[in-house]
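K.L.:
Provided below for reference: sequence and predicted model.
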Amino acid sequence: MDEKLSIIIPAHNCEATLRQAVASIYDDLSTEQAAMIQTIIVENGSQDKTPQVAQQIVKVYPQVCLTHSQPGVSKARNQGLKVATGQALLFLDADDYFKSGMVKQVLEYGVKADLSIYSFESGKALKRLFDQATPYQQADKEQLITTMLENPTNYLTVWGKVFRRQLILDHQLFFNEDLRFSEDSLFVLQYLLVAQTALGLPTVLYHYNRAENSAVRSFDEEKVAAYLQALEVVNKLIQTSVPDVRPSFYIYGLMQVNLIGVHGIYDVKNPAAGVMKKDQLKAVVQDPIVAECLKRTPLTRMRTPKFAAIILLKLHCYALAGKVFALRSRAK
């Protein structure tokens, strides 16, 4: 029987959570249904017992295969894409899980669109992205891209979605292995540009755990440059492919500045002095793309709390903006 679904799990230092992730796929399925799902664990340079745990899982679940890649989530996902055989494709992070019964529902529902976008849980918070099933046709593509760009944390992840694998093969879509951040955003946008249809669903498919040791939520000194590098790549894609959504890209860029401020410059683990942090924040604001995003986005589009620090940056109140970022970092 050919697999209907392939599920790719990048596995790096996840010995404590990998079993739960895999169990969330198969525990509610019949033997016949389980045979229709291929799960690919891609171990990528773990320093704990993840490889041994993965080998044990393979012995329990015959539908699970184990492969390896060099360290890096993009490398792992690309290796998974090479191995996948299912008609539809899903991504699952090893410290997250699918909601009970939801993989069965996806299996039975089938592939109704090139991209299906499900709602999800983030920790204890419910992220209901759609009030009802919302279809998008080719003529609606820019509207959907606009929504995603302006709410990247909710929409521009690869998990919580069902992709048509043949479309990925036809257009040779892979994750950019040079990016440390926003690789999800870039892949989803590239996929949307070649998709003909999409479907937004209120059903909660996925549970996202806010892991403290994740790449986004941990600190290192090179994070700011990595975010700006990713912003430049997404900027080029929007400029060349969908220039009409540029105002929404500006919002996207400002949301990346929020991430830079909270998880980079003003991260609670950053030992740099306050003056150095302020100078680094000024340097970010002077980046050509960030400067354009600030200049082109009017204050009338900054009416929600997520823009608090951005408004202060627009007004050149760097010290106050830094305090907002620092407060958010302590609260994360």
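P.N.:
That came through, no problem.

K.L.:
what segments of this structure are strands?
P.N.:
Here the chain has its strands, by DSSP state E, at 5-11, 37-43, 64-68, 88-91, 97-98, 115-122, 125-127, 134-136, 161-164, 198-208.

K.L.:
tabulate the ones you listed (CSV), appending mean neighbour count.
P.N.:
Where C-beta positions appear, they are placed from N, C-alpha and C, glycine not excepted. Shown next, in CSV, are the strands of the chain (neighbours: other C-beta atoms under 10 Å):
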stretch, mean neighbour count
strand 5-11, 26
strand 37-43, 26
strand 64-68, 18
strand 88-91, 25
strand 97-98, 24
strand 115-122, 22
strand 125-127, 12
strand 134-136, 16
strand 161-164, 22
strand 198-208, 20
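
K.L.:
how about a markdown table for those strands, with mean pLDDT added?
P.N.:
Listed next are the strands of the chain as a markdown table, based on pLDDT from 0 to 100:
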| stretch | mean pLDDT |
| --- | --- |
| strand 5-11 | 98 |
| strand 37-43 | 98 |
| strand 64-68 | 98 |
| strand 88-91 | 98 |
| strand 97-98 | 98 |
| strand 115-122 | 97 |
| strand 125-127 | 96 |
| strand 134-136 | 97 |
| strand 161-164 | 98 |
| strand 198-208 | 97 |
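
K.L.:
list the contacts of the residue nearest the centre of the chain.
P.N.:
Against the mean C-alpha coordinate of the chain, by C-alpha atoms, centre = their mean, the closest residue is residue 157 at 2.6 Å. By C-beta atoms under 8 Å, 6 or more residues apart in numbering, the residues touching residue 157 are 184, 188, 208.

K.L.:
quick check: the last one vs residue 127, distance?
P.N.:
Plainly put, residue 208 is 8 Å away from residue 127 if you go by C-beta to C-beta, to the nearest Å.

K.L.:
what sits in contact with each of the two?
P.N.:
Common neighbours of residue 208 and residue 127 (C-beta under 8 Å, 6+ apart) are 120-121.

K.L.:
could you point out the longest helix of the chain?
P.N.:
The residue-count maximum for a helix in the chain (DSSP state H) belongs to helix 223-241.

K.L.:
for it, give the mean pLDDT please.
P.N.:
For helix 223-241, the mean pLDDT works out to 97.

K.L.:
flag every buried residue along that helix.
P.N.:
Neighbour-count burial for helix 223-241, counted by 16 or more other C-beta atoms under 10 Å, picks out 223-224, 226-231, 234-235, 238.
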